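> Dropping the sequence and predicted coords here.
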Amino acid sequence: MRKLFVSLSLVLAVFVAGAQSRTESGAAGSAPKTIEQKVDEAMVKITEKLSLTSQQQSRIKPLMSDFFKTKDQMSALKESNNEEYRAKMTTAAEALIAKLKTILDAKQVTAFNNLLEQYRAERN
């Protein structure tokens, strides 16, 4: 279970950790970022780190949007049943990772795996 949750954390950290931390530590009263804003920020980061082509970007963006919509829809569950939230988000993250890897070329998959490993090392 812990390994699965780490996978979820990896996806979020690699793509949007900076964006989320800015939102959480932003000025009092600032509006939370929309799903579209989160997706756009994630796309900028993943495009930079993996050198995505425009075709890859157009295929990945809807996947990221779906992931963030799922996360947003389950936010209430996080408060009421954190374990169930973790399980569902882990499943969503694993699905996202699998789909991303089908879009990336071999070099990008290697870079993506390295990013995930780097994050794991930083988390432990």
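Ah, there it is.
> How about the secondary structure of Phe112?
What DSSP: H, G, I helix; E, B strand; the rest coil gives for Phe112 is helix.
> Identify each buried residue in stretch 58-68, please.
Ile60, Lys61, Met64, Ser65, Asp66, Phe67, Phe68 (16 or more other CB atoms under 10 Å). C-betas here are computed from N, CA, C, even on glycine.
> What is the nearest of those to Ile97?
For the buried residues of stretch 58-68, the residue nearest Ile97 by CB to CB is Phe67; the value is 10.0 Å.
> Pull up the gap between that closest one and Ala106, please.
23 Å (CB to CB, to the nearest Å).
> Likewise for Ala76?
For Ala76 relative to Ala106 (CB to CB), the value is 40 Å.
> between these two, which one's more packed in?
Higher neighbour count among Ala76 and Ala106: Ala76, with 10 against 7, using other CB atoms under 10 Å.
> what's the following helix or strand after the helix or strand bottoming out on mean pLDDT in the chain?
The helix or strand of the chain with the lowest confidence, counting by mean pLDDT, DSSP states H and E, is helix 2-24 at a mean of 51. Next helix or strand after helix 2-24 toward the C-terminus (DSSP states H and E): helix 35-50.
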